[in-house]
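**Q** structure, please.
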Amino acid sequence: MSRHPSLPGEGLVPPPGCPAHGMNDAGLYRLPEAQNPSALYEQLRQQYGPVAPVLIHGDLPAWIVLGYRENLDVMRTPSRFSRDSRRWTAFKENRVAADSPLIPMVAWQPLCVFADGEEHARQRAAVVDGLAQFNRRGMRRYVTHYTRELVAGFAASGTADLVRDYAEPLPMLVVSRLLGIDPQDGPALVEPTLDLMRGSATAAASNQIVTQTLEELVARKKLHPGNDLASRLISHESRLTDTEIVEHLRLVLVAAHQGTVNLIAHTLRLVLTDRRFRGHLSGGQMTLPDALEQVMWDNPSIGIVPGRWATRDTMLGGQHIKEGDMLLLCISAANVDPEQRPDLSVPMRGNRSHLALSSGPHECPGGDIGRAIADTGIDELVALLPDLRLAVPETEIGITANWLTSRPSSLPVRFSRPRSLGGTEVTAPEPATGAQPLPVAASAPPAVPAHTPSIPKQSWWRSLLGR
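**A** The predicted model follows:
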């Protein structure tokens with residue numbers, strides 16, 4: 001049995017045949033340096049079992065939770081595993097550098113993901129109620145509008161990178177508008193939001209850009225409220241402070257954007273490269289919503305969630321966890337736990353018991369929004385460009401992976417250049433000059449503007465399969 005990770009190295013030796021890269025002298029893996037995270041998780045599982053010691057930025061010790069059951073145990077028992085990062089021993093001992101890339105993700109902030117009990121319930125209620133005002137039908141119309149706008153921007157060239165030109169901007173255009181951000185400000189937040197999750201040296205600066213934008217939003221919405229999340233948080237009976245409002249808007253923006261980007265990118269990669277996947281869709285064995293659930297099993301948008309902190313000495317997965325230890329919830333490893341999925345070739349159609357959206361009191365409240373953006377966006381994209389095909393060999397599709405997330409680096413595609421979309425000549429769209437009404441449950445969903453193309457309802461999955 002390995003010893004407590006607060007003293008890395010004692011009693012630990014590298015596994016036989018293990019490469020030295022990404023390890024310290026005592027044989028503990030430095031998680032952010034892993035070149036192949038999935039392979040590392042399985043190696044750790046074989047060596048330590050469902051819970052393993054690792055090192056994170058600054059050679060700080062932590063436990064990575066690999067097992068499905070063990071992840072559920074941590075997620076569902078806040079009395080043993082708190083979300084309050086002020087419990088972390090490394091914080092108490094001043095071992096976390098002020099400029100550490102961990103700070104934007106794990107430093108305590110006044111929001112629901114760092115709270116437990118009554119305080120968590122108070123803050124979370126405001127977010128849940130705020131998100132509940134957006135109905136799914138209205139959301140689909142909203143996604144449709146921005147999808148057509150993006151496609152019109154690159155359709156004339158007959159080529160595109162579906163990650164850079166589509167998967168990254170679409171969720172930000174939609175989510176930022178749901179928050180109440182002006183249309184012209186949304187695109188500028190794409191790169192800072194992605195950078196936050198990379199754990200890069202610029203993460204703190206990116207966090208400041210996002211925070212400043214949201215502080216300005218809250219000040220504006222106090223004077224001019226609307227049908228948006230910012231206005232709802234301001235007026236909610238939970239009486240959130242200004243700081244709490246900004247932090248919760250940041251949480252929703254970063255989580256919804258990052259998660260949906262990865263979900264769209266992974267699904268499009270399968271559509272373009274996996275004949276069996278396309279065959280199941282075109283043959284009716286699997287719907288697009290089912291396909292999204294399969295992707296969330298195999299390629300969850302957030303691979304690791306930091307973190308939880310032990311409230312007392314306890315046991316988990318055969319390891320002695322001490323009070324104040326950090327735990328990293330490894331969703332990627334839990335979703336492929338051999339005890340849960342002994343045969344990974346068996347499809348998980350319609351099965352929502354994956355952990356991509358967490359579980360327990362901190363389960364993601366905006367999962368349906370991410371699903372709606374991905375479902376509608378992919379459906380609309382391939383209907384507009386039914387002969388999408390990769391512009392490079394499948395083997396050249398790289399994966400951008402870090403210790404928290406992974407997704408295709410790019411998806412270069414070609415397609416027949418349409419002369420027009422719905423009778424409108426294909427040209428780059430004019431910049432938006434005014435805000436459209438948001439799709440809220442209390443009113444009719446916004447109509448798709450007349451100049452955007454109509455969608456022919458055809459079997460585009462069959463056209464993909466036919467290629």
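
**Q** output the longest helix belonging to this structure.
**A** Residue-count comparison of every helix in the chain, with assignments taken from DSSP state H, identifies helix 242-273 as the longest.

**Q** now do the buried residues in that one.
**A** If you call a residue buried by 16 or more other Cβ atoms under 10 Å, then helix 242-273 has these buried ones: 244-273. (Glycine included, C-beta is placed from N, CA and C.)

**Q** helix or strand right after that helix?
**A** On the C-terminal side of helix 242-273, the nearest following helix or strand under DSSP states H and E is helix 275-282.

**Q** burial measure for residue 91, as a count.
**A** The tally of other residues near residue 91 (other Cβ atoms under 10 Å) stands at 18.

**Q** helix, strand, or coil at it?
**A** Each residue gets one of three states, and residue 91 gets helix by DSSP: H, G, I helix; E, B strand; the rest coil.

**Q** excluding its backbone neighbours, what's nearest it?
**A** Closest residue to residue 91 apart from its sequence neighbours, by Cβ to Cβ, 6 or more residues apart in numbering: residue 85 at 6.7 Å.

**Q** need the contact list for the one you found.
**A** 91, 106-108, 114, 307, 309 (Cβ atoms under 8 Å, 6 or more residues apart in numbering).

**Q** now the buried members of those residues.
**A** When neighbours are counted using 16+ other Cβ under 10 Å, those contain these buried positions: 91, 106-107, 114, 307, 309.

**Q** and the least confident of these?
**A** When the buried ones among the contacts of residue 85 are sorted by pLDDT, the bottom entry is residue 307 at 85.

**Q** how far away is that one from residue 45?
**A** In this structure, residue 307 lies at 19 Å from residue 45, with Cβ to Cβ, to the nearest Å as the measure.

**Q** got it, and residue 384?
**A** The span separating residue 384 from residue 45 equals 43 Å under the rule Cβ to Cβ.

**Q** do residue 269 as well
**A** Distance from residue 269 to residue 45, counting by Cβ to Cβ: 25 Å.

**Q** so where's the stretch 251-400 of the chain shaky on pLDDT?
**A** Flagging of the stretch 251-400 of the chain using pLDDT under 70 yields the residue ranges 282-284.

**Q** next up, phi/psi of residue 108, please.
**A** Summarising the backbone geometry of residue 108 under the convention degrees, to the nearest 10, its torsions are phi -60, psi 140.

**Q** how about residue 306?
**A** With angles defined as degrees, to the nearest 10, residue 306 sits at phi -100, psi 130.

**Q** isn't it right up against residue 328?
**A** Yes: judged on Cβ atoms under 8 Å, residue 306 makes contact with residue 328 at a distance of 5.1 Å.

**Q** looking at the two, which one has more neighbours?
**A** residue 328 (23 against 20).

**Q** packing partners of the helix or strand containing the more buried one?
**A** Counting by DSSP H and E, the element that carries residue 328 is strand 326-330. When contacts are defined as 3 or more Cβ pairs under 8 Å, 6 or more residues apart in numbering; DSSP states H and E, strand 326-330 packs onto strand 51-56, strand 60-65, helix 68-76, strand 304-310.

**Q** near residue 228, how many other residues are there?
**A** Using other Cβ under 10 Å as the criterion, the residues surrounding residue 228 number 24.

**Q** go on, the one 4 residues further on?
**A** For residue 232, the number of neighbouring residues by other Cβ under 10 Å comes to 22.

**Q** excluding chain neighbours, what is closest to it?
**A** With Cβ to Cβ, 6+ apart as the criterion, residue 232 has its nearest non-adjacent residue at 3.9 Å, and that residue is residue 130.

**Q** let me see the ranges of the helices in the stretch 151-300 of the chain.
**A** With DSSP state H, counting those that start in this stretch as the criterion, the stretch 151-300 of the chain has helices at 169-179, 190-196, 203-223, 229-235, 242-273, 275-282, 288-298.

**Q** could you redo the ones you listed as CSV and give each row distance to residue 125?
**A** Formatted as CSV, those follow (distance: least, Cβ to Cβ, whole Å):
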stretch, distance to residue 125
helix 169-179, 18
helix 190-196, 25
helix 203-223, 19
helix 229-235, 11
helix 242-273, 11
helix 275-282, 38
helix 288-298, 26
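
**Q** hang on, residue 159 packs against residue 391?
**A** Yes: judged on Cβ under 8 Å, residue 159 makes contact with residue 391 at a distance of 6.3 Å.

**Q** what residues are shared contacts of those two?
**A** Joint contacts of residue 159 and residue 391 (Cβ under 8 Å, 6+ apart) are 412-414.

**Q** neighbour-wise, which one of the residues you listed leads?
**A** residue 413 (22 neighbours).

**Q** list the contacts of it.
**A** With contacts defined as Cβ under 8 Å, 6+ apart, residue 413 is in contact with 159-162, 272, 388-391.

**Q** what's the spacing between residue 320 and residue 306?
**A** For residue 320, the distance to residue 306 (Cβ to Cβ) stands at 20 Å.

**Q** and residue 75, what does it touch?
**A** Residue 75 makes contacts with 329, 355, 358-360, 362-363, as judged by Cβ under 8 Å, 6+ apart.

**Q** check residue 103 too.
**A** Applying Cβ under 8 Å, 6+ apart, one finds that residue 103 lies in contact with 96, 203-204.

**Q** who touches the spatially most central residue of the chain in this structure?
**A** With distances taken as Cα atoms, centre = their mean, the chain has residue 259 as the residue nearest its mean C-alpha position (1.8 Å). By Cβ under 8 Å, 6+ apart, the residues touching residue 259 are 301-302, 364, 370.

**Q** need the pLDDT of residue 239.
**A** For residue 239, the model assigns a pLDDT of 94.

**Q** quick check: phi and psi at it.
**A** The phi/psi pair for residue 239 (degrees, to the nearest 10) reads phi 50, psi 60.

**Q** tally of neighbours for it?
**A** Other residues within reach of residue 239, judged by other Cβ under 10 Å, total 9.

**Q** gap between it and residue 245?
**A** Residue 239 sits at a distance of 10 Å from residue 245 (criterion: Cβ to Cβ).
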